[in-house]
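Trainee: turn this into a model:
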Amino acid sequence: MRCLLLLPFLFAACQAPGEVITSPLVDEVKSALESTRSEAPRLVLGEEPTMPNGARAVCYENYIVIMGEGQDSLDFFLAHELVHWYIDDSPYAGLPHFIEEGLADWISCEVTGVLEARIAESVQIGTLSIDPRHLSVTSAGWSHLSRGEREALTRAGFDLVRRLGLAELRELLRAHSEPWGYVRAAGILETP
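Mentor: Take a look at the predicted model:
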């Protein structure tokens, strides 16, 4: 009898933490990505010991975490992480990770109404210096970069999305372009 009483507790412990996200941002991000993934993630607000150093939000396999620092811009970080949640079941699955990060920022800015301001900022900053060693970084390697390196690569990815547009991103992805192929197509740099 004791085992039967423990089963609900063990089952609950295996569930993802947090509450299922019901924000309208879920549908807006899914639509922007043309994602076919049906389930919404769970959201955890607070500290998570496995987060990359300096990260304000992260998308895990079963849930999204937004740390205290990211909660000041909750809608932006939620939309950004929702892009990572829905991208694998979309036409954008397989983008180089730094471009996926830029796309996540692009869509976040779009659905939260700050895209024009972010584009103006991107144009003002101009072409960013891209460290070629980081262009092929995967989502697993992303957490080993410093916060500054991650931010610079995200800005570079955002700039590529701005220069190429979503249709060209999809074409390059279908052609199995390497990271430098996107950079060259955007007219930023030649291959070193």
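Trainee: mind listing what's buried along the longest helix along the chain?
Mentor: Identified as the longest helix of the chain according to DSSP state H is helix 147-174. With burial defined by 16 or more other Cβ atoms under 10 Å, the residues of helix 147-174 counted as buried are 149-150, 152-164, 166, 169-170, 172-173. Every C-beta, even on glycine, is put in place using the N, C-alpha and C of the backbone.
Trainee: show me what that helix is packed against.
Mentor: helix 97-112, helix 115-125, helix 179-185 (3 or more Cβ pairs under 8 Å, 6 or more residues apart in numbering; DSSP states H and E).
Trainee: tell me which of these is the most buried.
Mentor: helix 97-112 (a mean of 24; mean count of other Cβ atoms under 10 Å).
Trainee: could you give the angle of it to helix 147-174?
Mentor: 90 degrees (axes from the mean of the first three to the mean of the last three Cα atoms, to 10 degrees).
Trainee: what's the spacing between helix 97-112 and its chain's center?
Mentor: Relative to the mean C-alpha coordinate of its chain, helix 97-112 is positioned 6 Å out (Cα atoms, centre = their mean, to the nearest Å).
Trainee: quick one: average pLDDT of that helix?
Mentor: The pLDDT scores in helix 97-112 average 96.
Trainee: residues contacting that helix, please?
Mentor: Residues outside helix 97-112 that contact it (Cβ atoms under 8 Å, 6 or more residues apart in numbering) are 25, 28-29, 32-33, 75-77, 79-81, 83-84, 87, 92, 95, 115, 117-118, 134-135, 137-139, 141-142, 150, 153-162, 169, 179, 182.
Trainee: what helix or strand is A140 located in?
Mentor: Per DSSP states H and E: A140 is located in helix 139-142.
Trainee: which elements pack onto that helix?
Mentor: helix 97-112.
Trainee: how about E178, phi and psi?
Mentor: Dihedral angles of E178 (phi, psi; degrees, to the nearest 10) stand at phi -80, psi 170.
Trainee: can you pull the contacts of it?
Mentor: P96, S136.
Trainee: repeat the analysis, applying 10 Å as the threshold.
Mentor: P96, L135, S136, L172, R184, T191 (Cβ atoms under 10 Å, 6 or more residues apart in numbering).
Trainee: got these as a markdown table, with distance to V111 columns?
Mentor: Shown next, in a markdown table, are those (distance: Cβ to Cβ, whole Å):
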| residue | distance to V111 |
| --- | --- |
| P96 | 23 |
| L135 | 27 |
| S136 | 29 |
| L172 | 23 |
| R184 | 30 |
| T191 | 34 |
